[in-house]
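1. the sequence and its predicted three-dimensional model are supplied below.
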Amino acid sequence: MISRSAALILLFALICLPGCARAEEAHAVPAEAGTEAAAHLRVSSPLAGPLSRGLAIVAFQTENLKIVPIYGEAALKVTPRIGHLHVTVDEGPWHWLHASAEPIVIQGLPVGPHRILLELADANHKILDAQTVSFEIPAPR
């Protein structure tokens, strides 16, 4: 298992030195087609305590994919597989990228029911798995 800093250095070399085959060979660990297990996403429901204050904190875990803020074709060749999350709130017309292993924190949602769609994506934004979490922001007491 390589450290996070080693992975970032490796990906920097892959992205910034695409014409230098020797640099890629020295740093990259090529992924062989079909050898990695499927990536999966597990999402926890937000805790009631923060929800009562209008704060949704959504924890998640990934299997067979590490969340990092690196994108593009070269990153697809790295193993272990890397990617990020697409986050959509209440079936909105847009989403944002979440590229860290930290929980997703959403503040300022109105009172009532809400849904958050989390899509696990590879470095080229191909969706590998998805989970939806539903919850309700309670009315203030």
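-> Yep, it's here.

2. which stretches of this protein form strands?
-> Taking DSSP state E as the criterion, the chain contains strands spanning 40-43, 55-58, 60-63, 66-67, 82-89, 96-98, 104-107, 112-122, 127-137.

3. which helices and strands sit right next to the second one?
-> Okay, so that is strand 55-58. strand 104-107, strand 112-122, strand 127-137 (3 or more CB pairs under 8 Å, 6 or more residues apart in numbering; DSSP states H and E). Every residue, glycine included, has its C-beta placed from N, CA and C.

4. how about the strands of the chain in JSON lines, adding mean neighbour count?
-> JSON lines is the format used below for those (neighbours: other CB atoms under 10 Å):
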{"stretch": "strand 40-43", "mean neighbour count": "16"}
{"stretch": "strand 55-58", "mean neighbour count": "19"}
{"stretch": "strand 60-63", "mean neighbour count": "15"}
{"stretch": "strand 66-67", "mean neighbour count": "18"}
{"stretch": "strand 82-89", "mean neighbour count": "21"}
{"stretch": "strand 96-98", "mean neighbour count": "14"}
{"stretch": "strand 104-107", "mean neighbour count": "14"}
{"stretch": "strand 112-122", "mean neighbour count": "18"}
{"stretch": "strand 127-137", "mean neighbour count": "15"}
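
5. need the helices and strands packed on strand 55-58 in TSV with mean pLDDT and distance to Arg42, can you?
-> Formatted as TSV, the helices and strands packed on strand 55-58 follow (pLDDT from 0 to 100; distance: least, CB to CB, whole Å):
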stretch	mean pLDDT	distance to Arg42
strand 104-107	96	13
strand 112-122	97	10
strand 127-137	96	7
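
6. quick one: closest of these to Leu47.
-> Closest of these to Leu47 is strand 127-137, at 9.6 Å (criterion: CB to CB).
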